[in-house]
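In: Provide a 3D model corresponding to the input given below.
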Amino acid sequence: MATAPVANTAAAKEFRNVSEAIRVLRTGRKDDRWYSAAEFLISRATPEVTLMLDVGKELGRKSEQAQQAGARRPIPWKWGVVMVVLVTVAILSGYLLAEVVGGICAS
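Out: Coordinates of the predicted model:
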């Protein structure tokens, strides 16, 4: 099984073998060499692995677009206050109207 030629980049010079780059990836993104290790491994990936990486990127992009499309815009704070005031006024008006009509009908 042939591997893709390693690009002449800083990542290729920094890592001697795949296991060293994988060790850096396992430490997490807190390691300064994490991106270099990822670049090194991607440059050595087989065409099938490269295809799967591209598919993963596209799926991530599609998922983000679906989340953005489904996200509701929040009601601005001022409009929320206006709505609460209007609902309160409507309830109080209904109560007062019921008192007046009830008082007239009771007489």
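
In: Just list what the helix or strand where Leu92 lies packs against, helices and strands only.
Out: Assessed by DSSP states H and E, Leu92 sits inside helix 77-106. Where contact means 3 or more CB pairs under 8 Å, 6 or more residues apart in numbering; DSSP states H and E, helix 77-106 is not packed against any helix or strand. Glycine gets a C-beta too; all of them are placed from N, C-alpha and C.

In: Give the buried residues for that helix.
Out: Neighbour-count burial for helix 77-106, counted by 16 or more other CB atoms under 10 Å, picks out no residue.

In: quick one: it to chain centroid distance?
Out: In terms of CA atoms, centre = their mean, to the nearest Å, the centre of helix 77-106 is found 42 Å from the chain centre.

In: ok, now stretch 60-71?
Out: The answer for stretch 60-71 is 8 Å, by CA atoms, centre = their mean.

In: So for it, what gets flagged as buried?
Out: Buried residues in stretch 60-71 (16+ other CB under 10 Å): none.

In: same thing with stretch 18-34?
Out: Under the neighbour-count criterion of 16+ other CB under 10 Å, stretch 18-34 has 21, 24-25, 33-34 buried.

In: tell me which of these is nearest to Pro47?
Out: Nearest to Pro47, judged by CB to CB, of the buried residues of stretch 18-34 is Ala21 at 19.1 Å.

In: what about Glu64, helix or strand, and which?
Out: Going by DSSP H and E, Glu64 is part of helix 47-70.

In: my bad, should have said Ala45
Out: Going by DSSP H and E, Ala45 is not in any helix or strand.

In: Great, nothing more from me.
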